[in-house]
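>>> Got a predicted structure here, sequence first:
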There are 2 protein chains.
Amino acid sequence: MQKGRPREFDVEQVLDKALKVFWEHGYEGASLTDLTEAMGISRPSLYGAFGSKEELFKLALERYEQKGPGSLYRDAIAQPTARAVVEKLLTGCAMFLSDPSNPPGCLAVQGALSCGEAAESIKQELCRRRSMGEKELRDRFERAKAEGDLPADADPDALARYTMTVAQGMAVQATSGASREALLAVAEMALQAWPVAKEKTR
Amino acid sequence: MQKGRPREFDVEQVLDKALKVFWEHGYEGASLTDLTEAMGISRPSLYGAFGSKEELFKLALERYEQKGPGSLYRDAIAQPTARAVVEKLLTGCAMFLSDPSNPPGCLAVQGALSCGEAAESIKQELCRRRSMGEKELRDRFERAKAEGDLPADADPDALARYTMTVAQGMAVQATSGASREALLAVAEMALQAWPVAKEKTR
DNA sequence: CTATATATGTACCGAGTGGTACGGATATAG
DNA sequence: CTATATCCGTACCACTCGGTACATATATAG
């Protein structure tokens, strides 16, 4: 066992509280006072356990992706067809973004979409994560194209970007108060744009 | 003519500078120091001419909508068919969001998507403006439906929300560095989802 | 000219920011 | 027990935030 006085709080538990605050107010909008009050610990305890506000945010972000988008993307990409991938992803987004047990919207979108100089690195980190998601989709669509599951003239790059655009737009909508039904309707509507494989058109 | 010492700067000119700063860094991310330096005036001059940071932002926002989205929406809604409306709107968004003479992205989306308590009223104001845009679209689509330009089973509400979702997603993409070509491709892709009038399907 | 009204620059305000020094409390190791 | 290591709470740091008091400069009105 560890030497010295043991900490009086559960790290993952207070990290969840911090995540919620960042989720609601973004990186810059969440002050240390907001955070420590929600987490129920003092500032020195926070710094002792997490290092800095920036590191705390990154840990909260990892926890966020682990709980939400991570499994969502994994499940989606595992679907047998490109269309099913997008269907799963967009309906999953609709559900997740409007989950009443979470703040509305997406941390990776609204966490630091625009910010002051101090948060520039956070902004770029979030941007990087979003483009990683886009890349995963693109790779999946490349494969679908090779498997004949997408038309030969399909553009995996454009399809991935379109899908991410809809997902990110849904995040903005959710933050603005859109209902779950509304988001699901958007997901369904977005799917109408999906190209059909050649076998089906012939 | 006005009595007293005349101001030594052009109000609209410095307002444009302020707009640019808000556009790049959002409401909270733009400090008074950032603003006054960009505008080339002192703090008391700023307060004398604009009242407060919040009022300055609202004036900049009006100027923003006047220069950009305002005419864009007007032109789009004036199109003869619902499909043409959306085509005009989304391609217009793609062009505007990636206009190299402006900061990338959309002030109404990224200006205060999430924020601290202090900016809550700004956040809600932007939210209100976005939903006004959505309402304009919905009304236009209602009309299109009545005119037989949209199928009888079309859902103007869902169509408007879908269109706004894509537009807002494009704003996030633009902020993240998406190129003009990429945004135009998204707009084109999004149009594939558009329902065709019954005459054409029969 | 004087009186008045507005703008400007300097220098400042209180409040809040992220972050920490330090002493006392609480655990294990010997 | 003592020694050591870690944690906690108070109280504080320098800095930045949005906003302003005040004296001075510059215009018009009479």
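Nice, I can see it.

>>> Check the offset of the helix ranked longest in chain A from the chain's centre.
Of all the segments of type helix in chain A, defined by DSSP state H, the longest one is helix A:120-146. Distance, stretch centre to chain centre, for helix A:120-146: 11 Å (Cα atoms, centre = their mean, to the nearest Å).

>>> how about the helix or strand where A:R74 lies: buried residues?
Using DSSP states H and E, A:R74 sits in helix A:69-77. For helix A:69-77, the neighbour count (16 or more other Cβ atoms under 10 Å in any protein chain shown) marks A:P69, A:L72, A:Y73, A:A76, A:I77 as buried. Glycine gets a C-beta too; all of them are placed from N, C-alpha and C.

>>> what's the answer for stretch A:94-109, then?
Buried-residue list, stretch A:94-109, by 16+ other Cβ under 10 Å: A:A94, A:F96, A:L97, A:S98, A:N102, A:P103, A:P104, A:G105, A:C106, A:L107, A:A108, A:V109.

>>> For the last one, give its distance to A:F50.
Put plainly, it is A:V109. For A:V109, the distance to A:F50 equals 23 Å [Cβ to Cβ, to the nearest Å].

>>> same question, the first one
Applying Cβ to Cβ, the value for A:A94 to A:F50 is 32 Å.

>>> related to what we said a few turns ago, briefly note if the longest helix of chain A comes near DNA strand D.
No. Remark: helix A:120-146 sits outside contact range of DNA strand D, by Cβ under 7 Å from any atom of the strand, the gap being at least 13.2 Å.

>>> So that helix, near DNA strand C or not?
No. Contact of helix A:120-146 with DNA strand C (Cβ under 7 Å from any atom of the strand) is absent, the minimum separation being 11.5 Å.

>>> Remind me what that helix packs against, helices and strands.
When contacts are defined as 3 or more Cβ pairs under 8 Å, 6 or more residues apart in numbering or on different chains; DSSP states H and E, helix A:120-146 packs onto helix A:53-67, helix A:69-77, helix A:82-97, helix A:107-110, helix A:156-175.

>>> Give me the angle between it and helix A:82-97.
Interaxial angle, helix A:120-146 versus helix A:82-97 (axes from the mean of the first three to the mean of the last three Cα atoms, to 10 degrees): 150 degrees.

>>> per-residue confidence averaged over helix A:120-146?
Average pLDDT, helix A:120-146: 98.

>>> Just the CA atoms of stretch A:122-130, as CSV, please.
Taking Å, rounded to 0.1, in the frame of the first residue of the first chain, the C-alpha atoms of stretch A:122-130 are listed here in CSV:
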residue,chain,number,x,y,z
ILE,A,122,-6.8,22.7,-26.1
LYS,A,123,-8.6,23.9,-29.2
GLN,A,124,-6.1,22.2,-31.4
GLU,A,125,-6.2,19.0,-29.4
LEU,A,126,-10.0,18.9,-29.8
CYS,A,127,-9.6,19.7,-33.5
ARG,A,128,-7.1,16.8,-33.8
ARG,A,129,-9.5,14.4,-32.2
ARG,A,130,-12.3,15.4,-34.4
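
>>> Give me the residues contacting it.
Contacts to stretch A:122-130, defined as Cβ atoms under 8 Å, 6 or more residues apart in numbering or on different chains, come from residues A:27, A:54, A:57-58, A:61, A:65, A:108-109, A:111-115, A:164, A:168, B:172, B:176-177.
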